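Asks: can you look at this prediction? I've put the sequence above it.
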Amino acid sequence: MKGAAAILIAFLVAIATVNFVAEPASAVTCAAVNKALAPCLSYLTGGGAPSSECCNGVRTLKSMAPTTTDRQTACQCAKDAASRNPNLREEAAAALPSECGVQTNIPISRNTDCSSIS
């Protein structure tokens with residue numbers, strides 16, 4: 001239990017201390033993406049079902065990225081956050097939108113080519 005708490009704290013500290021600059025034309029920031037997805041951390045690393053707060057965050061993520069540039073920026077932010085968390089379960093990340101009943105083309109993965117998002 002201490003290990004999981006330490007991982008969560010380290011992940012949240014990393015989110016809070018890393019500054020990302022979004023493209024000027026984009027309204028999406030990595031801070032906003034990280035905030036939206038933060039409630040999903042326990043699902044993404046531990047399993048079970050995503051919480052209602054997590055699914056609300058996925059819906060928020062979708063609504064903040066209406067343009068291609070926004071989706072590409074959100075994708076890169078999610079990719080960067082996923083890359084910083086070695087305990088992230090790729091299959092859970094890939095399933096997150098569908099688990100929440102949200103149709104979005106913003107993948108959460110370490111391996112996505114975000115420039116291909118339309």
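Replies: On my side now, so go ahead. Not measured: the values here are computed from a predicted model.
Asks: tell me the SS of the spatially most central residue of the chain?
Replies: In the chain, the centroid-proximal residue (Cα atoms, centre = their mean) is residue 78; its distance is 4.0 Å. Under DSSP: H, G, I helix; E, B strand; the rest coil, residue 78 falls in the helix class.
Asks: so what's it up against?
Replies: Residues in contact with residue 78 (Cβ atoms under 8 Å, 6 or more residues apart in numbering) are 33, 37, 61, 106, 107, 108, 109. From N, CA and C alone the C-beta is placed, and that goes for glycine too.
Asks: and the fifth one, how many neighbours?
Replies: So that's residue 107. 20 (other Cβ atoms under 10 Å).
Asks: what do you get for the second one?
Replies: A total of 24 residues lie near residue 37 under the criterion other Cβ under 10 Å.
Asks: again, but for the third one
Replies: Applying other Cβ under 10 Å, we find 26 other residues in the vicinity of residue 61.
Asks: could you do residue 96 as well?
Replies: Using other Cβ under 10 Å, the number of residues around residue 96 comes to 24.
Asks: over to the one 3 residues further on?
Replies: Using other Cβ under 10 Å, residue 99 has 16 neighbouring residues.
Asks: kindly report the same for residue 116.
Replies: Residue 116 is flanked by 8 other residues according to other Cβ under 10 Å.
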